[in-house]
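Participant: From the sequence below, what's the structure:
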Amino acid sequence: MNLYLISQNINNDYDTYDSAVVVAESMEEARNTHPNEDHEPNNEFYDYHDWVEPSEAYKIKVELIGTTDKEKGVILASFRAG
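Facilitator: Modelled structure (predicted):
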């Protein structure tokens with residue numbers, strides 16, 4: 001599996017994620033990983049106020065930083081608490 005650093009500077013308000021290190025098979029899969037693994041896209045209270053709207057996902061910067069034997073998911077996330 002690949003290890004990626006994903007980051008964004010679109011949503012820079014407080015209580016938002018600015019980056020995360022994720023394990024994914026591809027850059028596209030990494031780009032579509034939300035820094036909060038517990039998010040539930042089908043939950044009526046869920047929205048993207050803390051990350052990037054799906055329509056703007058192409059703006060998320062994705063950088064391959066290595067490989068790992070870990071399972072898919074978020075290793076570490078950076079959250080700007082307000």
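Participant: Flag the shaky bits of the chain, pLDDT-wise.
Facilitator: 39-48 (pLDDT under 70).
Participant: show me where it has helices.
Facilitator: Counting by DSSP state H, the segments of the chain that form helices are 27-31.
Participant: how many other residues sit next to the nearest residue to Val52 once chain neighbours are set aside?
Facilitator: Nearest non-adjacent residue to Val52, counting by C-beta to C-beta, 6 or more residues apart in numbering: Gln8, 5.1 Å away. The way it works is simple: take the backbone N, C-alpha and C, and place the C-beta from them, glycine included. If you count neighbours by other C-beta atoms under 10 Å, Gln8 ends up with 20.
Participant: Centre of the chain to stretch 50-63, how far?
Facilitator: Distance of stretch 50-63 from its chain centroid, counting by C-alpha atoms, centre = their mean, to the nearest Å, is 8 Å.
Participant: okay, how far is it across it, tip to tip?
Facilitator: Stretch 50-63 has an end-to-end distance of 21 Å (C-alpha to C-alpha, to the nearest Å).
Participant: For that stretch, list every residue counted as buried.
Facilitator: 50-52, 57, 60, 62 (16 or more other C-beta atoms under 10 Å).
Participant: can those go into TSV with extra columns for distance to Leu76?
Facilitator: Listed next are the buried residues of stretch 50-63 as TSV, based on distance: C-beta to C-beta, whole Å:
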residue	distance to Leu76
Asp50	16
Trp51	15
Val52	18
Ala57	20
Ile60	16
Val62	15
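Participant: out of those, who's nearest Glu28?
Facilitator: Val62 (8.3 Å; C-beta to C-beta).
Participant: so the closest one touches Ile6, yeah?
Facilitator: Yes. Assessed by C-beta atoms under 8 Å, Val62 is found in contact with Ile6 at 5.5 Å.
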